[in-house]
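> Kindly generate the corresponding structure for this input.
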Amino acid sequence: MAGRERVLLVGLVRGRGNRAEAEESIEELTSLAETAGGEVIDAVLQGRRHPDTATFVGKGKAEELAAISEEKEIDLVVLDDDLSPAQAKNLEHLIGRRVIDRSQLILDIFALGARTSVAKAQVELAQIEYTLPRLRRMWEHLSRTGGGIGTRGPGETQLEVDRRRIRRRMFTLKKTLKKVEKDRQVRTARRKDFAKVSLVGYTNTGKSTLFNKLTQARVSTGDRLFETLDATTRMLRLPMNEVVLLSDTVGFIKKIPHSLVASFHATLECVVEADIIVHVADLSYRDYDSQIATVRSVLDEIGAAGKQELLAFNKVDLLQGEEPMTLALRRYEDAIPVSALYGWGADAVKERLLALVFDKKEEVRVSLPPQNGKLLSYIHKYATVLEREMVDGRVSVLVRIERRYMKPLAEYVEPAGSQTGTSN
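Here you go, the predicted structure:
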């Protein structure tokens, strides 16, 4: 396709027995490069126990990459791991082509997909934090003549100017995102009466498609990595008139840049604050185990581990026969098979969510003096009213309420088994 950069991918096999893992990572890197608009021409794996400190792959392999790049007219070389500024500089010098690493590629994809002002600010901040330690490499061409009159001062001066500008921009972006986070916390505080549920999963597992199917929303979906960058929240009505707040957010991936995790703190906050996690996994992917492990690792990294988790195995419509599902459900006994595309299993997800919500709640009957309007308002805000009647001049209310909201009602709870009304 005209205009597309011709890309050479390079990965490292660390020790024996790790080649399959490296090949899988390169396959994912291929998808990333294609998502960014590149055309992958070739991929090379280099076996090393440890990365070379100077060139990551070693000088001999770098020279081999230079020959491949010349022969196949490569425009861009992408390493499957993070490079230090020195390694990137040395590789560019030896290969004679532009060299980037996995983090830089992911940041580029995020920049392409950022549509809202918040997403753009988060991506820009992550890019700046990635770029700042690499500024010297960008300006080193000013001193390649070996110093002397006219070469010493201006480059260093411009470098410092750029650093000051970038730090000012970082301060502005962080201030903007802090305000976004504060506004989101205010909105969340107003909706404390609803349980919060977050959809999480590896990128491109169909989270947004399931979100749309459950809530009738119209979040953008597509067969591409990181289709969703912004958090979207909708009310989801469950059976028995229960309502939860369901949020969809950015997908996870292996080797996710730390700057992205930090910059997307405002977006990922809905995951951290969730009461329940719906973990969407792609059952049609051959190594879904590793994707599940990666998602759980990222949840741990952002402080969202240990929450109640509902595992939804998506894309069952792509399976060949029943054996893959049988094996998966044998290993993940509580998982729910779904097809977000066709809506299969959506009702089962709602039923399971209802059970998890109820697990945090209890039904109690409280007897209140009718003049206590403040407590009645509290009940209507934080509980589901199942019955309400007047008994002996008092308001008798049967409610379903989360245990964490029970304290103000404790002294008004009627003894278990007492029947003041007509409850069945």
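
> where along the chain do the strands fall?
Applying DSSP state E to the chain gives strands spanning 6-13, 39-47, 76-79, 98-101, 195-201, 232-237, 243-248, 276-282, 308-314, 336-337, 361-368, 383-391, 394-402.

> hey, C-alpha coordinates of the fifth one in PDB?
What it means is strand 195-201. In PDB, the C-alpha atoms belonging to strand 195-201 read as follows (Å, rounded to 0.1, in the frame of the first residue of the first chain):
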ATOM      1  CA  ALA A 195     -22.600  -0.400  42.800                       C
ATOM      2  CA  LYS A 196     -19.800   0.300  40.300                       C
ATOM      3  CA  VAL A 197     -18.800  -2.300  37.800                       C
ATOM      4  CA  SER A 198     -15.800  -2.000  35.300                       C
ATOM      5  CA  LEU A 199     -15.100  -3.900  32.200                       C
ATOM      6  CA  VAL A 200     -11.500  -4.800  31.800                       C
ATOM      7  CA  GLY A 201      -9.600  -7.000  29.500                       C
END
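
> between that strand and strand 394-402, how many degrees?
10 degrees (axes from the mean of the first three to the mean of the last three CA atoms, to 10 degrees).

> what's the burial count for Glu63?
12 (other CB atoms under 10 Å). In short, each C-beta sits where N, CA and C put it, glycine included.

> go on, Pro370?
Pro370: 10 neighbours (other CB under 10 Å).

> Contacts only, for the closest residue to it other than its chain neighbours.
Distances taken as CB to CB, 6 or more residues apart in numbering place Val395 nearest to Pro370, at 5.3 Å, with adjacent residues excluded. By CB atoms under 8 Å, 6 or more residues apart in numbering, the contact set of Val395 is Ser367, Leu368, Pro369, Pro370, Leu376, Arg388, Glu389.

> Same question for Arg169.
By CB under 8 Å, 6+ apart, Arg169 lies in contact with Glu124, Ile128.

> how about a cut-off of 10 Å?
Contacts for Arg169 (CB atoms under 10 Å, 6 or more residues apart in numbering) come out as Glu124, Leu125, Ile128.

> and of the residues you listed, the nearest to Ala33?
Glu124 (21.9 Å; CB to CB).

> tally of neighbours for that closest one?
Glu124: 20 neighbours (other CB under 10 Å).

> my guess is it contacts Leu260, does it?
No. Glu124 is beyond contact range of Leu260, at 11.6 Å (criterion: CB atoms under 10 Å).

> Spell out which residues are contacts of both of those two.
Common neighbours of Glu124 and Leu260 (CB under 10 Å, 6+ apart) are Leu107, Phe110.

> JSON lines for the strands of the chain, including mean pLDDT?
Output for the strands of the chain, formatted as JSON lines (pLDDT from 0 to 100):
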{"stretch": "strand 6-13", "mean pLDDT": "94"}
{"stretch": "strand 39-47", "mean pLDDT": "93"}
{"stretch": "strand 76-79", "mean pLDDT": "95"}
{"stretch": "strand 98-101", "mean pLDDT": "92"}
{"stretch": "strand 195-201", "mean pLDDT": "92"}
{"stretch": "strand 232-237", "mean pLDDT": "89"}
{"stretch": "strand 243-248", "mean pLDDT": "91"}
{"stretch": "strand 276-282", "mean pLDDT": "96"}
{"stretch": "strand 308-314", "mean pLDDT": "96"}
{"stretch": "strand 336-337", "mean pLDDT": "96"}
{"stretch": "strand 361-368", "mean pLDDT": "89"}
{"stretch": "strand 383-391", "mean pLDDT": "87"}
{"stretch": "strand 394-402", "mean pLDDT": "89"}
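
> Please produce TSV containing those strands, extended by distance to Lys254.
Listed next are those as TSV, based on distance: least, CB to CB, whole Å:
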stretch	distance to Lys254
strand 6-13	12
strand 39-47	16
strand 76-79	14
strand 98-101	14
strand 195-201	13
strand 232-237	24
strand 243-248	21
strand 276-282	14
strand 308-314	19
strand 336-337	25
strand 361-368	37
strand 383-391	41
strand 394-402	36
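
> right, so of those strands, which gets closest to Phe56?
Nearest of those to Phe56, taken as CB to CB: strand 76-79 at 6.3 Å.

> Tell me where the stretch 51-200 of the chain has helices.
Assignment of helices within the stretch 51-200 of the chain using DSSP state H, counting those that start in this stretch yields the ranges 59-71, 85-95, 102-113, 117-131, 135-139, 153-190.
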